[in-house]
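*Asks:* Sequence plus the predicted model coming up.
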Amino acid sequence: MSIVKKMTTMLVGMAVMTGSLFAGGSSQSGGQQAPSPTARALASQREASMLAQKVAAKTLPALEQRLPTAGNIMVETMDSIGSYGDHLTFTFDGRSSQWYYGMIGEEPLFRFTMQGSVEPNVAKGYIVNANATEYTIYLREGMKWSDGHPFTADDCIFFYEHMILTRSFGNAIYQCYYSTNPRTGEQSLCTMEKVNDYEFKVKFKDPSPTFLEQVAIDTKWMFAPAHYYKTLLPEFIGEAAAAAKAKELGFADVAAMGRQTGYYYWNNIDRPVVRPWKVMNNVDSDLMIMERNPYYWKTDAEGKQLPYIDQLQFVRVSDVNQVVLMTMDGSIDVAPGLPFSQIATLNQNQNRGGYRLLRWDTTNWAGTGHLQFNQSSEDLKLRAVFANKDFRKAISISADRKEMAELVSDGWSQPSQSSPVKGAMGYSEAWSTKWTEYNPTEAKRLLEQSVGLRMGSDGFYRFSDNTPFTLEIITSDDSAECARAAELLTEKYLKNIGIKATVAVRDPAYVNEMRQANKVNVILDSSYAMATVNVALRADNLVPVRNNFTVWYGAFGTWFATNGEGGETPTGEIMHLIDLYREMRAATTRAEVDRKALEILKVHEENLWEIAFLSPTPVLIGINKDLRNFRETGIYCDEFRSLGIAHPAIWYLAQ
């Protein structure tokens, strides 16, 4: 049974609890209560040498003063007890990869387990009432921020009241904070109430049965250092002082300061964190360094403070070929996303390079070379063509997928349609093979008789008004696999059926900017693929609920996110998706949530707004052969925070 199947055989969601407070579980991805102080090793053996030296020099408090109180420390489970020291080397490409390196040390209030359930993390535990309208959340007494300031319920409530509700970092209010009236569809914001320094309540007007999972996805940390933001936010220091502060910190204006310190907070040297490592220099450097947090609140079973590794070092690279070469010469300790096209060479060099290769599952619906057509394109003639389901079918059946599998993936991918992976919610063989037959003759018939395109004298189709029809495909993927897929599509398959198409490779930041402005009509890019663990928990790839979040729905997402004040008004099947999403949000039971989620997936199966040609390959990860406590198998996806699900704080290098 695959990992994805194991995960999805469980209901991804919480069973409503009325029982007593509980702490994290004892599986590898969970935690347990700390042992009594008498069971611990000597203090000199329970912290890294670099911290012990600071304690001896009286520049850092003793370990007992830095950890939470007894019974509040989170103890991570792991295969073996580690040793302190060393650094781990990764690669990155600057701020374009800030979510990648940000996830490595992320510490959410609640985190996912590999089985798809959630467990307390920063939170110590929780209680939920019978109808899921009130959540009582317990924190860890004595826990501290990286600057030594106490972490309390005030920090959770501050984040909600002074950053989420005020939108201080620019994002719309996350859906997890709303409940929906099942009769009227009216949404209401939750309220938060402090009980004491280590306990607070989240109260909803209507049932919110998936709140904890939504928190683990939408607003992962759900806390912020109030003492830090009170020195930045205009609400506390005034507009003029905030503008001066933004200039002092090097930001263009107050909005940029709010965005960078509130949303991409891990990039900021002076911002306190509860992560295992904290950034120590400018993230735009060629070598970015993160160093251990002396107030980190987790230990191993012997009472040794985590993390084991002193530093994470990120070396700037310009393309994936550099990553492959650095992996093979042993200069990288962890390298996820290695290209399968290089697997033979990578396999041959494992002993010489001192690394191992692991394969993790993915939740992506498609492999290299899939296409999305912007249903809200500003070009109304293109929009009309893209909206025609037979156009998408024609594009799909124009390609020889068997040939693509050999030429693009060296046989590692199989012919497939964009669809949930086997074992995941909504999977069906019929969906995975829909419109995958190779039939260019039928494709041309559809383009002429159903879509209404006219063949020009140059052998390429034109719009019905005889103006040129061209697909301008954009991508930020500069890999060899993507280049081969793009060449096959534009120079062979599409050309063969009379479609003129071009491909432009652009910088990821530029593509992101164009996407957000709804300026991308067609994209061929794995960064914007459809993927989800469970649409009930993460719908933004599949339902237009965020500002131009993905190309296929574009400005329709802006319409939803702005309550109709911006973007484009959806119609037809896309509006049907939104209606189903609203009904799912209003569901009062887990079973009802799942029913609506399956209906959403059925709409996708019928319409295929993303066209894939190949199945996704596993995520290929190269790791130092001496790295310990790294998961052999896993699910590499955004919901599980990519490498974050492997709990990097427990990694160490065997001596």
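*Replies:* Happy to help now that I have it. Numbers count the residues shown, from 1 in each chain.
*Asks:* which residues touch the strand or helix carrying Ala485?
*Replies:* According to DSSP states H and E, Ala485 maps onto helix 480-488. For helix 480-488, the external contacting residues (C-beta atoms under 8 Å, 6 or more residues apart in numbering) are 339-341, 368-369, 399, 403-404, 407-409, 473, 475, 503, 505, 524-526, 613-614. C-betas here are computed from N, CA, C, even on glycine.
*Asks:* So how do I select the buried members of the residues you listed in PyMOL?
*Replies:* Buried residues within the contacts of helix 480-488, by 16 or more other C-beta atoms under 10 Å, are selected in PyMOL with:
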select buried, resi 339+340+341+368+369+399+404+407+408+409+473+475+503+505+524+525+526+613+614
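*Asks:* Just the contacts of helix 480-488: which are in strands?
*Replies:* Ile473, Thr475, Val503, Val505 (DSSP state E).
*Asks:* from memory the first one sits against Val503, does it?
*Replies:* Read it as Ile473. Yes - using C-beta atoms under 8 Å, Ile473 is in contact with Val503, at 4.7 Å.
*Asks:* list residues touching both of those two?
*Replies:* Residues within reach of Ile473 and of Val503 at once, by C-beta under 8 Å, 6+ apart, are Ala486, Leu489, Thr490, Leu524.
*Asks:* Out of the helices and strands in the protein, which is least certain?
*Replies:* None of the helices or strands of the chain scores lower by mean pLDDT, DSSP states H and E than helix 3-8, at a mean of 37.
*Asks:* Which positions within stretch 474-482 qualify as buried?
*Replies:* By neighbour count on 16+ other C-beta under 10 Å, the buried set for stretch 474-482 is Ile474, Thr475, Ser476, Asp477, Ser479, Glu481, Cys482.
*Asks:* Mind listing the residues bridging to the first one?
*Replies:* To tie it back to what came earlier, the one meant is Ile474. Ala504, Ile523 (DSSP bridges).
*Asks:* quick revisit: just curious, which of the buried residues of stretch 474-482 is nearest to Ile309?
*Replies:* Using C-beta to C-beta, Ser479 is the member of the buried residues of stretch 474-482 that lies nearest Ile309, at 29.5 Å.
*Asks:* for that closest one, what are its contacts?
*Replies:* By C-beta under 8 Å, 6+ apart, the residues touching Ser479 are Val320, Pro339, Ser341, Thr368.
*Asks:* By pLDDT, give me the weakest of those residues.
*Replies:* Lowest in pLDDT among these is Ser341, which has 85.
*Asks:* which helix of the protein spans the most residues?
*Replies:* In the chain, with assignment by DSSP state H, the single longest helix is helix 590-607.
*Asks:* In that one, which residues are buried?
*Replies:* Arg590, Val593, Asp594, Lys596, Ala597, Glu599, Ile600, Leu601, Val603, His604, Glu605, Asn607.
*Asks:* wait, which of those residues is closest to Met163?
*Replies:* Proximity of the buried residues of helix 590-607 to Met163 was ranked by C-beta to C-beta; the top entry is Val593 with 27.9 Å.
*Asks:* Enumerate every residue touching the nearest residue to the closest one once chain neighbours are set aside.
*Replies:* Spatial nearest neighbour of Val593, excluding adjacent residues (C-beta to C-beta, 6 or more residues apart in numbering): Ala587 at 4.4 Å. Applying C-beta under 8 Å, 6+ apart, one finds that Ala587 lies in contact with Pro182, Pro209, Val593, Arg595, Lys596.
*Asks:* any chance of these in JSON lines, plus distance to Tyr174?
*Replies:* Converted to JSON lines, these look like this (distance: C-beta to C-beta, whole Å):
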{"residue": "Pro182", "distance to Tyr174": "20"}
{"residue": "Pro209", "distance to Tyr174": "16"}
{"residue": "Val593", "distance to Tyr174": "17"}
{"residue": "Arg595", "distance to Tyr174": "24"}
{"residue": "Lys596", "distance to Tyr174": "19"}
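*Asks:* Return the per-residue confidence for the residue nearest to Val593.
*Replies:* On pLDDT, Ala587 comes in at 93.
*Asks:* from now on call the first residue 54
*Replies:* In the new count, where the first residue is 54, that last one comes out as Ala640.
*Asks:* Next one: it relative to Gln401, how far apart?
*Replies:* Ala640 is 52 Å from Gln401, where distance means C-beta to C-beta, to the nearest Å.
*Asks:* how close does Glu652 sit to His629?
*Replies:* 9 Å.
*Asks:* Likewise for Gln366?
*Replies:* Separation of Gln366 from His629 (C-beta to C-beta) stands at 49 Å.
*Asks:* Tell me where the longest strand sits in the protein.
*Replies:* Longest strand in the chain by number of residues (criterion: DSSP E): strand 408-415.
*Asks:* Which strands or helices does that strand pack on?
*Replies:* Secondary-structure packing of strand 408-415 (3 or more C-beta pairs under 8 Å, 6 or more residues apart in numbering; DSSP states H and E): helix 56-61, strand 387-391, helix 396-401, strand 672-677, strand 688-689.
*Asks:* between those, which gets nearest to Ser150?
*Replies:* Ser150 sits nearest to strand 387-391 of all the helices and strands packed on strand 408-415, at 10.3 Å, using C-beta to C-beta.
*Asks:* Note down every partner strand of that closest one and its orientation.
*Replies:* Strand pairing (DSSP bridges) places strand 387-391 next to strand 672-677 (antiparallel).
*Asks:* How about exporting the strand it pairs with as PDB, limited to the C-alpha atoms?
*Replies:* Output of strand 672-677 as PDB, limited to C-alpha atoms (Å, rounded to 0.1, in the frame of the first residue of the first chain):
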ATOM      1  CA  VAL A 672      10.200  13.400  -5.600                       C
ATOM      2  CA  LEU A 673      13.800  12.300  -5.800                       C
ATOM      3  CA  ILE A 674      15.800  13.400  -2.700                       C
ATOM      4  CA  GLY A 675      19.600  13.100  -2.300                       C
ATOM      5  CA  ILE A 676      20.900  13.000   1.300                       C
ATOM      6  CA  ASN A 677      24.300  12.700   3.000                       C
END
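*Asks:* between it and strand 408-415, how big is the angle?
*Replies:* 150 degrees (axes from the mean of the first three to the mean of the last three C-alpha atoms, to 10 degrees).
*Asks:* Tell me the helix or strand right after strand 672-677.
*Replies:* strand 680-681.
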